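Visitor: sharing a model prediction with you, sequence too.
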Amino acid sequence: QVHLVESGGGLVQAGGSLRLSCAASGRTLSSYVMGWFRQAPGKEREFVSAKGWSGGSTYYADSVKGRFTISRDNAKNTVYLQMNSLKPEDTSVYYCAVGRPPFITKSAAYDYWGQGTQVTVSS
């Protein structure tokens, strides 16, 4: 079992930045992938970014490339999502998740989910 707790959401003006954190506890995560997804009202949950817990490639949705950066701190069992140049269309509830490859851009690949943190970007 893996327990995930997100934090760092909030209200920010367009062009601003936020850093989301996802603290993980429970089983060893070395063979897992950490992902970030988001879901806006009335829309399906969509992939944002993913990274292997033990390294490897990093993946981003086209809509956030160049603006968002995923990173991890193994010592703290925490994954971060640095979000810069935020746009109103980034407004969503953001979720972190733990899953296994290969289909890491699909929510079905993830077994454990956090409760979500709201990000609101005003224009």
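Guide: Yep, it's here.
Visitor: to what extent is Ala50 buried, counted in neighbours?
Guide: 25 (other Cβ atoms under 10 Å). C-beta: built from backbone N, CA, C; applies to glycine.
Visitor: wait, isn't it in contact with Phe103?
Guide: No - if you go by Cβ atoms under 8 Å, Ala50 and Phe103 don't touch, sitting 10.4 Å apart.
Visitor: element containing the residue most central in space within the chain, please.
Guide: For the chain, the residue sitting closest to the mean C-alpha position, by Cα atoms, centre = their mean, is Trp36 at 2.2 Å. Per DSSP states H and E, Trp36 falls inside strand 33-39.
Visitor: give me the nearest residue to the residue nearest to the centre of the chain, chain neighbours excluded.
Guide: In space, and not counting its chain neighbours, Trp36 is closest to Val48: 4.2 Å by Cβ to Cβ, 6 or more residues apart in numbering.
Visitor: what distance do you get for the one you found to Tyr32?
Guide: Relative to Tyr32, Val48 is positioned 17 Å away (Cβ to Cβ, to the nearest Å).
Visitor: these two: which has the busier surroundings?
Guide: Between Val48 and Tyr32, counting by other Cβ under 10 Å, Val48 is the more crowded of the two (25 against 21).
Visitor: contacting residues for that one?
Guide: 35-38, 60-61, 64, 68, 81, 94 (Cβ atoms under 8 Å, 6 or more residues apart in numbering).
Visitor: quick one: it from Lys65, how far?
Guide: 10 Å.
Visitor: same question, Ser7
Guide: From Ser7 to Lys65 the distance is 24 Å (Cβ to Cβ).
Visitor: okay, the two: which has more neighbours?
Guide: Ser7 (13 against 10).
Visitor: the closest residue to the more buried one other than its chain neighbours: how many residues sit nearby?
Guide: Residue nearest to Ser7 in three dimensions, not counting chain neighbours: Ser21, with 5.0 Å by Cβ to Cβ, 6+ apart. By the criterion of other Cβ under 10 Å, Ser21 has 17 neighbours.
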